[in-house]
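[1] whatever this is, show me its structure:
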Amino acid sequence: IKGVLNGKGNLYTLSDDTKLISKVFELVSFPIIAKAMEPYIKTWETEERQTVYPDLTLILSGPSPDKIAIDIKSTYRRDTNTVAGFTLGSYTASLRPPYTKNIRYPYTEYLEHWIVGFVYSRVPGIKPEVTSLNHYDKVIAPITDVEVIIHEKWQLASDRPGSGNTTNIGSIHDISALKEGKGTFTRYGAQGKEVFEDYWRNFDRAAPRKYSNIEEYLVWKRGENNIR
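    All right, here's what the predicted structure looks like:
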């Protein structure tokens, strides 16, 4: 992706702004995913409201839970082994009763929650400019070496919040583990998804917290130092 084209044939080149790049990946992904899934689903819906989860809802035939959530995420490489990390949605919204906050359908109606994650490298020194479409071959894209990671959300999650002071769930940062879907909660096997949901459903927004990592959570879960 090199830029945005207007009706006069002017190409507005892109910067490596993370929000902008993330939106571009959404626009590219939706038609590909929808076309691939059409033979297997009843219908699909996109979400236009910026703060409402998920980006794409696939609706299956049959009784509830009959929906699959797909979120498009992107992150950049910090070095050859680590990335800045995905943010995997708020832990204070739809994960918690009544399971309807900032989500297209109630959380309980979703069978699975998937992440289509893009990992890329930034190209240094790129500045936005306006050029003619005829010169697009000379435009250098602001990102390169794009890889796609597709796993269920709980398989990519860490036990730490992401993005500073927000209430977003953070992903793991190791690239190899992300590719293999070996997040913090996968160590619990078939119970991993359940542990993930319970961990973040009970995670306190601010200190003092009941727990701050998976080890402290297990202590809290056993009833030790369980002060609410």
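[2] alpha carbons only for contacts and neighbour counts from here, please
    OK.
[3] next, the contact list for the residue most central in space within the chain, please.
    The centroid of the chain falls nearest to Lys73 when counting by CA atoms, centre = their mean (3.9 Å). Lys73 sits next to Ser22, Phe25, Phe86, Thr87, Ile115, Val116, Gly117, Phe118 when contact means CA atoms under 8 Å, 6 or more residues apart in numbering.
[4] just the pLDDT for it.
    Looking at Lys73, its pLDDT is 96.
[5] kindly state the beta-bridge partners for it.
    Gly117 (DSSP bridges).
[6] now do it against Thr100, distance only.
    Per CA to CA, to the nearest Å, Lys73 is found 22 Å from Thr100.
[7] over to Ile41?
    Ile41 sits 23 Å away from Thr100, going by CA to CA.
[8] may I have the phi/psi pair for Tyr76?
    Per-residue torsions, Tyr76: phi -110, psi 150 (degrees, to the nearest 10).
[9] was I right to think it contacts Val123?
    No: shown here, Tyr76 and Val123 do not form a contact pair, counting by CA atoms under 8 Å, at 10.5 Å.
[10] what about those two, which has more around it?
    Legend: neighbour count by other CA atoms under 10 Å for Tyr76 and Val123, higher for Tyr76 (20 against 14).
[11] excluding its backbone neighbours, what's nearest that one?
    Among residues not flanking Tyr76 along the chain, Tyr120 sits closest, at 4.8 Å (CA to CA, 6 or more residues apart in numbering).
[12] my read is the one you found is in a strand, agree?
    Yes: secondary structure of Tyr120 (DSSP: H, G, I helix; E, B strand; the rest coil): part of a strand.
[13] which residues touch it?
    Counting by CA under 8 Å, 6+ apart, Tyr120 makes contact with Ser74, Thr75, Tyr76, Arg77, Ile143, Thr144, Asp145, Val146, Glu147.
[14] next, work out how far apart it and Thr18 are.
    Using CA to CA, Tyr120 is found at 11 Å from Thr18.
[15] what's the overlap in contacts for those two?
    Each of Ser74, Thr75 lies in contact with both Tyr120 and Thr18 under the rule CA under 8 Å, 6+ apart.
[16] can you give me the helices in this structure?
    Here the chain has its helices, by DSSP state H, at 18-37, 153-156, 175-180, 192-201, 214-221.
[17] which among those helices is found nearest to Ile169?
    When the helices of the chain are compared by CA to CA, helix 192-201 sits nearest Ile169, at 7.7 Å.
[18] still on that earlier bit, so which of the contacts of Lys73 sits lowest on pLDDT?
    Minimum pLDDT across the contacts of Lys73 falls on Ser22, with 92.
[19] gap between that one and Ala141?
    Ser22 is 14 Å from Ala141, where distance means CA to CA.
[20] low-confidence ranges, the chain, go.
    Applying pLDDT under 70 to the chain flags the ranges 224-228.
[21] going along the chain, name the strands of it.
    In the chain, the segments counted as strands under DSSP state E are 3-5, 10-13, 43-46, 56-59, 67-76, 87-90, 110-122, 130-132, 143-152, 157-162, 168-171.
[22] CSV for the ones you listed, including distance to Phe185?
    Output for these, formatted as CSV (distance: least, CA to CA, whole Å):
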stretch, distance to Phe185
strand 3-5, 39
strand 10-13, 40
strand 43-46, 28
strand 56-59, 24
strand 67-76, 19
strand 87-90, 14
strand 110-122, 15
strand 130-132, 46
strand 143-152, 11
strand 157-162, 7
strand 168-171, 11
